[in-house]
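K.L.:
Let's see this in three dimensions:
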Amino acid sequence: MRFALKSSFFRLFRTRLFIWVIVFSLLTGIGVFNSVCGNEMMMYTLPSLGRPRFFDNDFLILCLKDLIYVFPFGAAVFCMMFTGSDISFRAVNNKIATGTPRVMIFFADAAVAALTALFSVIVSAAALFLLVKFVPVKESVEINSKVILTVLFVAVIVMAFVLFFTMLQVFFSNKLFGVIISMFLIPALMSYPGHINYILDQPYRYSYKDETSGETVWELNPEYVGGVERNALTFSLELNPYYGVLMREPGNAKCAAAAGAVIVLSAAAGALAISRKEFT
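P.N.:
Numbers count the residues shown, from 1 in each chain. Next up is the predicted model:
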């Protein structure tokens, strides 16, 4: 395992991926900050347009949550360049030839990818904190338990994406196919809350005016979903990381637990896939 970890870390730094991760993290923090200023707060941070008057922890947390919309795309590209390239170019064969267990090779890549994701989120969070602290005329920003928990929540979500995408790269062996599947998955997860909310918002009954009598008539809505199906859809919404951001709610324990389950299952599936895959 030590040899596999050393090889994965060496590849991370030797290919300059780590530098690109830092650049991406900083640009993401700056981009999210400006996006929230413009879209949510209707204010702009360019010097020619004046400085915002006041920011507080609520604004910082709002920015931190919006990182979830950007980091999964970066995670998909990172996994393609890190694990995907190693497998597509058959560089992994050299490690297997030295006697390194295949499972250890996957776990080393997964561990390095997860640590890189955690580091990337921390860098973006630090950039956001400095921007929120020093850009406005006045501020009331401090690092408290709520901010720390939000950063950890975002980090767990991003690490779940990274582990899942790493598993996809191992499973498909073709780095481009793996990243294409990843890129399709992210918008699907983003659009899911809106689609399910539309279903759940359907009323139990609807009314219309009878043209003959002029009276208001109430009828049952055939599109209404109730009972076990409604509970299942509601539960699935709580597990979706984008639902809390959409509803401006804090990250809940159910979503964090689901992300943890994805990490464990992705690690298990990736280890199984690499142990049974033929490398020629």
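K.L.:
shaky segments in this structure?
P.N.:
Low-confidence segments of the chain (pLDDT under 70): 39-51, 210-211, 213-214, 245-251, 279-280.
K.L.:
Strands of that one, start to end?
P.N.:
Assigned by DSSP state E, the chain shows strands spanning 54-56, 138-140, 205-209, 216-220.
K.L.:
so of those strands, which one's packed in deepest?
P.N.:
strand 54-56 (a mean of 16; mean count of other CB atoms under 10 Å). No exception for glycine: its C-beta is placed from N, CA and C like everyone else's.
K.L.:
that older thread, make CSV out of the strands of the chain and add distance to Val151.
P.N.:
Listed next are those as CSV, based on distance: least, CB to CB, whole Å:
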stretch, distance to Val151
strand 54-56, 17
strand 138-140, 18
strand 205-209, 44
strand 216-220, 47
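K.L.:
of all the ones you listed, which lies closest to Ala273?
P.N.:
Of all those, strand 54-56 sits nearest to Ala273, with 45.7 Å by CB to CB.
K.L.:
on contacts alone, who are the packing partners of that closest one?
P.N.:
The elements that strand 54-56 packs onto, with contact taken as 3 or more CB pairs under 8 Å, 6 or more residues apart in numbering; DSSP states H and E, are strand 138-140.
K.L.:
Pull up the pairing partners for the strand it packs on, direction included.
P.N.:
Sheet pairing for strand 138-140, assigned by DSSP bridges, gives strand 54-56 (parallel).
K.L.:
so how far is the strand it pairs with off the chain centroid?
P.N.:
26 Å (CA atoms, centre = their mean, to the nearest Å).
K.L.:
what do you get for stretch 72-91?
P.N.:
17 Å.
K.L.:
Let's see the distance spanning it from one end to the other.
P.N.:
From its first residue to its last, stretch 72-91 covers 25 Å (CA to CA, to the nearest Å).
K.L.:
Quick check: buried residues in it?
P.N.:
Buried residues in stretch 72-91, counted by 16 or more other CB atoms under 10 Å: 72-88.
K.L.:
ok, residues contacting that stretch?
P.N.:
Where contact means CB atoms under 8 Å, 6 or more residues apart in numbering, the residues beyond stretch 72-91 that reach it are 11-12, 15, 17, 21, 24, 28, 92, 109, 112-113, 116-117, 120, 158, 161-162, 165-166, 168-170, 173-176, 178-179, 182-183, 186, 279-280.
K.L.:
Of those, grab the buried ones for ChimeraX.
P.N.:
This is how ChimeraX selects the buried members of the contacts of stretch 72-91, with burial counted by 16+ other CB under 10 Å:
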select :11,12,17,21,24,28,92,109,112,113,116,117,120,158,161,162,165,166,168,169,170,173,175,178,179,182,186
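K.L.:
Isn't Ile274 up against Arg102?
P.N.:
Yes. Ile274 lies in contact with Arg102 (CB atoms under 8 Å); the separation is 4.7 Å.
K.L.:
neighbour count winner among those two?
P.N.:
Using other CB atoms under 10 Å as the criterion, Ile274 and Arg102 rank with Ile274 on top: 24 against 19.
K.L.:
contacting residues around Pro241?
P.N.:
So Pro241 contacts Ile68, Ile157, Leu189, Gly251, Cys255, Ala259 (CB under 8 Å, 6+ apart).
K.L.:
Who's the closest spatial neighbour of the second one, skipping the chain neighbours?
P.N.:
Of all residues beyond its chain neighbours, the one nearest Ile157 is Pro241 (4.7 Å), with distances taken as CB to CB, 6 or more residues apart in numbering.
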